[in-house]
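>>> Structure, please.
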Amino acid sequence: MAFFAFTDYSGKEFVFKLDNEQRIAEARRILSGEETMSTHVMGKIRKRPEPYNPGWSFALDPETITFFTMAIEVCDSSIQYAEDYLDEACGAFLPGCFWCPWSSRLTRELQASEVQG
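The predicted structure is shown next:
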């Protein structure tokens, strides 16, 4: 298990958890600069806060997280917009709870001491 953070154009940070060793390795390749194409974060949102992602009322389901180069527009949203319209998510907004913030940029892997909960 590992925890990573990304920001979007707002500069706000969003933390997510990865359980899959392949995805963890992929995230580390992105951070090292080895992977330069599929660098944006996507996955299904869970409408509940997680202690490791303070400040947000939702999180990403670790089982659904992947990295992408390009994605369809219907799943794009900034972190703050997704938060502000969370009650509408999984309907017409972010159908199927699928979220792919186009401006997401992986910024760091969190150390165990930084993870709450």
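
>>> Where is the longest helix in the chain?
Looking across the chain with DSSP state H, the single longest helix is helix 21-32.

>>> residue ranges of the helices in this structure, please?
Going by DSSP H, the chain shows helices at 21-32, 79-84.

>>> any idea which of those is most buried?
Mean neighbours per residue, mean count of other C-beta atoms under 10 Å, is largest over those for helix 79-84, with a mean of 17. To be clear about C-beta, it is placed using only N, CA and C from the backbone, and glycine gets the same treatment.

>>> what's the distance between the most centrally placed residue in the chain and residue 3?
Central residue of the chain (C-alpha atoms, centre = their mean): residue 41, 5.0 Å from the mean position. Computed with C-beta to C-beta, to the nearest Å, the distance linking residue 41 and residue 3 is 13 Å.

>>> swap in residue 69?
Taking C-beta to C-beta, one finds residue 69 at 23 Å from residue 3.

>>> Looking at these two, which one has more neighbours?
residue 3 (21 against 9; other C-beta atoms under 10 Å).
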